[in-house]
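In: Have a look at this fold, sequence not included:
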């Protein structure tokens, strides 16, 4: 199904049984919230399908408004999906906070939360692609059709080529936090590649030598902006230090936060903001023609995948 993983019902049953013995009141509250969630799901599934004709460019403009969260343009079914996913994420986040010391619950809850966050984030990735004047109308239409199929519960995320690749990328990043070191990103990229399918390796081979892709990947890997990375490399060169770790970086930055808040210990919901921060910064660079990546690694990867259609 669109938004429920096959093993979630069994996981929730195990969690409720555990809470009934250890946190009875909380288990009753969770049961009530799950009952409400089930009602939301039924309402969502009863809404008419989202239908958009691609007869003219105005249709793509309208679709982009939907993805840009223009409330007046969002079809009722999509609004209900957002409400449902938000409610589900809230429940799973509550359970995650309560049970994060129990590995048998923590790991699958975190995975489910990342999947929900991925669905929200994917909409933003697609919106970024639709803003790209150099992406063909054919490709934009293909991306839009896939997302509409997902909204209409006609597409399982496991069978959605582009959506699946993006989710795999975020899951791999979640598993492989940076070690920083010399800030070249080689070891982090290797660890990412171990977790990802052949298409990712092909993408990196084709993009070898591309400064845009290299910079975007480093932002994704380190959680630091291109500007912060340049400044830190210059500092290391100036004081003749070969490598750096996270503790030392935080001392260097002091009270000033990194451009992109660390993903570490912030839970999988952080990936949504992490993409938006990088996307907004890349768009700003594009507008003022400054150095650094003009696109996120997700958008570049998606462009590569669609070019193979």
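Out: That came through, no problem. Because the structure is predicted, anything quoted here is derived from the model rather than measured.
In: okay, CA-based contacts and neighbour counts for the rest of this
Out: Fine.
In: If you count neighbours, what's buried in the helix or strand of the chain with the lowest mean pLDDT?
Out: Across the helices and strands of the chain, mean pLDDT, DSSP states H and E gives its lowest value to helix 57-67, namely a mean of 77. Residues of helix 57-67 classed as buried by neighbour count (16 or more other CA atoms under 10 Å): 60, 63, 64, 65, 66, 67.
In: do the same with stretch 95-115
Out: Under the neighbour-count criterion of 16+ other CA under 10 Å, stretch 95-115 has 95, 96, 99, 100, 105, 106, 109, 110, 112, 113, 114, 115 buried.
In: same check, this time on stretch 238-248
Out: Along stretch 238-248, the positions that meet the burial threshold by neighbour count (16+ other CA under 10 Å) are residue 244.
In: and what of stretch 162-181?
Out: Using 16+ other CA under 10 Å as the test for burial, stretch 162-181 gives 162-174, 176-180.
In: do the same with stretch 128-138
Out: For stretch 128-138, the buried set under the neighbour-count rule, 16+ other CA under 10 Å, comprises 128, 129, 130.
In: now it: mean pLDDT?
Out: Throughout stretch 128-138, pLDDT has a mean value of 83.
In: who touches that stretch?
Out: The set of residues that contact stretch 128-138 without belonging to it, under CA atoms under 8 Å, 6 or more residues apart in numbering, is 60, 64, 140, 279, 299, 303.
In: Tell me which two in those residues are the farthest apart.
Out: 60 and 279 (20.1 Å; CA to CA).
In: tell me which of the buried residues of helix 57-67 is nearest to residue 19?
Out: residue 67 (38.1 Å).
In: Point out where the stretch 101-250 of the chain drops to low pLDDT.
Out: 154-161 (pLDDT under 70).
In: And the strands in it?
Out: Counting by DSSP state E, counting those that start in this stretch, the stretch 101-250 of the chain has no strands at all.
In: now the helices for it?
Out: 103-130, 137-151, 161-175, 186-195, 198-206, 211-222, 226-239, 246-253 (DSSP state H, counting those that start in this stretch).
In: Which of these sits closest to residue 45?
Out: With CA to CA as the criterion, residue 45 lies closest to helix 137-151 of the helices of the stretch 101-250 of the chain, at 9.7 Å.
In: buried stuff in stretch 203-223?
Out: Under the neighbour-count rule (16+ other CA under 10 Å), stretch 203-223 has 203-204, 207, 212-223 buried.
In: typed the wrong thing, it's stretch 67-80
Out: Neighbour-count burial for stretch 67-80 [16+ other CA under 10 Å]: 67, 68, 74, 76, 77, 78, 79, 80.
In: Could you do stretch 287-295 as well?
Out: Neighbour-count burial for stretch 287-295, counted by 16+ other CA under 10 Å, picks out 292, 293, 294, 295.
In: Sort out which of the residues you listed are in helices and list them.
Out: With DSSP state H as the criterion, helices contain none of the buried residues of stretch 287-295.
In: quick one on the thing from earlier: relative to residue 286, which of the buried residues of stretch 67-80 is nearest.
Out: Comparing every one of these with residue 286 (CA to CA), the shortest separation belongs to residue 68, at 18.8 Å.
In: give me every residue that touches the closest residue to that closest one other than its chain neighbours.
Out: Nearest residue to residue 68, sequence neighbours excluded (CA to CA, 6 or more residues apart in numbering): residue 127, at 6.7 Å. By CA under 8 Å, 6+ apart, residue 127 lies in contact with 64, 67, 68.
In: Pick the one among those closest to residue 49.
Out: Distance to residue 49 across the contacts of residue 127 (CA to CA) is lowest for residue 67, with 16.3 Å.
In: Hmm, residue 124 and the closest one touching each other?
Out: Yes. If you go by CA atoms under 8 Å, residue 67 and residue 124 touch, sitting 6.6 Å apart.
In: out of the buried residues of stretch 287-295, which are inside strands?
Out: Secondary structure assignment by DSSP state E places none of the buried residues of stretch 287-295 in strands.
In: want to try TSV for those, with distance to residue 39 as columns?
Out: What follows is the buried residues of stretch 287-295, written out as TSV (distance: CA to CA, whole Å):
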residue	distance to residue 39
292	47
293	44
294	42
295	39
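In: For the residues you listed, give me CSV that also has pLDDT and distance to residue 271.
Out: Conversion of the buried residues of stretch 287-295 to CSV gives the following (pLDDT from 0 to 100; distance: CA to CA, whole Å):
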residue, pLDDT, distance to residue 271
292, 95, 21
293, 96, 19
294, 94, 19
295, 94, 16
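In: For residue 83, see how far away residue 44 is.
Out: 9 Å (CA to CA, to the nearest Å).
In: Using a markdown table, lay out the helices of the stretch 101-250 of the chain together with distance to residue 35.
Out: Output for the helices of the stretch 101-250 of the chain, formatted as a markdown table (distance: least, CA to CA, whole Å):
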| stretch | distance to residue 35 |
| --- | --- |
| helix 103-130 | 18 |
| helix 137-151 | 22 |
| helix 161-175 | 28 |
| helix 186-195 | 36 |
| helix 198-206 | 40 |
| helix 211-222 | 38 |
| helix 226-239 | 46 |
| helix 246-253 | 43 |
